[in-house]
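Engineer: Need a 3D model of the sequence below.
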Amino acid sequence: MSATTTTLVLPGDEIPASALPTGTGKRKTLKLGPGLRHIPPSTVVATVAGALVTDSKKNAASVEYNSGRYLPFPGDLVIATVNSSAAENFNCFLTPHMPPATLPHLAFEGATKKTRPQLPPTSLVYCRVVTAGRDSAPELTCVDPATGKGEGLGMLKGGMLFKVSLGMARRLLAPKADLPLLDILGGKIGFEVTVGRNGLVHVDGGTVKITLAIGQAIQTVDEQALDDPGQKKLAAGILKNM
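Structural biologist: Next up, the predicted model:
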C-alpha cells in the first residue's frame, strides 16, 4: 500500500525537501501534481492553499484544495460532455467555462475507423486526461495506454448527472473514501456511482427514485459537510422511504 502524509500549506510556501517523498527504483523522478510548482534547480512551492499530500510509493506530491474552478491535470478521471464531432475527434466540455477538450474517435477500447463510436451531442463519457496545458486544449482518452483496455472508461448510459464541489469529488475518488452514507446505502440498494474530478457525479440506481435519492444525498453530504452520524441519519431516512 502507498504511504501517504498530509500537511497544510499556503500559496508561496516553499516545500522543504524533507516533506517530499524520495523515489526508489524506477520512480526516482518526483511527480508534482496540481497546486505545486517547480522552480529550478530544486525549489518546490505551493501555488494554492490546501493540504500537501504525498505518496511515497508513487513518488508524487500535490495540494488538495477546494476550488470552484477545475483545472485539468494529466491522469485526472473526468466526466466529459460531448459537444460536437470533428474529422478525428469529439469536442467535449469538462466545465461550462473552459474551451472544449479533444477526445479522439479511436481513443476507445476496440475502436477502428470502421467501428469508432457514434456519440451525439450531450453524450456523457468517462475519460482520463492525457495532456493539459495553458496554451493547448486538454486531450482525453477512454483506454489505458498500457493495456488498450477501457478499464471502466467510456460512454455513460442512463442515470443522472449531479454537480458537487471539487473537494467532494476528490474525496469520492480517494482510494479509501470514508463515506458511511454510500457504505450503508450500498449494502441495501443496488446503484453505480461514477465520479469525475471536474466536480461531476453520475449515478445510476436503475430507477429515477433511487437515482435521485443517491445523487441528492451525495450533494447534501457535500453542501452540509455532514459528519459520520449525520450521514448515517441521512442514509436511514432514505432507506425508510424506499
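Engineer: only C-alpha atoms for contact and neighbour calcs from this point on.
Structural biologist: Noted.
Engineer: So in this structure, which helix runs the longest?
Structural biologist: Across the chain, the longest stretch assigned as helix under DSSP state H is helix 208-224.
Engineer: average model confidence for that one?
Structural biologist: Per-residue pLDDT over helix 208-224 has a mean of 95.
Engineer: ok, and what's touching that helix?
Structural biologist: Applying C-alpha atoms under 8 Å, 6 or more residues apart in numbering, the contact partners of helix 208-224 are 159-165, 168, 191, 201-205, 226, 231, 234-235, 238, 242.
Engineer: if you skip the residues just before and after it, what's nearest to G148?
Structural biologist: Spatial nearest neighbour of G148, chain neighbours left out: E109 (6.3 Å); criterion: C-alpha to C-alpha, 6 or more residues apart in numbering.
Engineer: Equivalent analysis for G75, please.
Structural biologist: Nearest residue to G75, sequence neighbours excluded (C-alpha to C-alpha, 6+ apart): V129, at 5.2 Å.
Engineer: For the helix or strand hosting A137, name the packing helices and strands.
Structural biologist: Per DSSP states H and E, A137 falls inside strand 136-141. Counting contacts by 3 or more C-alpha pairs under 8 Å, 6 or more residues apart in numbering; DSSP states H and E, strand 136-141 packs against strand 101-104, strand 124-133.
Engineer: Which residues does the longest one contact?
Structural biologist: Taking C-alpha under 8 Å, 6+ apart as the criterion, the residues outside strand 124-133 that touch it are 72-82, 138-142, 153-157, 194, 196.
Engineer: List phi and psi for G206.
Structural biologist: Main-chain torsions, G206, degrees, to the nearest 10: phi 90, psi -30.
Engineer: What confidence value was assigned to the closest residue to it other than its chain neighbours?
Structural biologist: Computed as C-alpha to C-alpha, 6+ apart, the closest residue to G206 that is not its neighbour in sequence is F191, at 6.9 Å. Listed pLDDT for F191 reads 95.
Engineer: and if you look at L52?
Structural biologist: pLDDT recorded at L52 is 85.
Engineer: So what's the model's average confidence on stretch 15-26?
Structural biologist: 79.
Engineer: same question, stretch 131-145
Structural biologist: Average pLDDT, stretch 131-145: 87.
Engineer: Can you get me the start-to-end distance on it?
Structural biologist: Taking C-alpha to C-alpha, to the nearest Å, stretch 131-145 runs 13 Å from one end to the other.
Engineer: what do you get for stretch 161-169?
Structural biologist: The straight-line separation of the ends of stretch 161-169 (C-alpha to C-alpha) is 13 Å.
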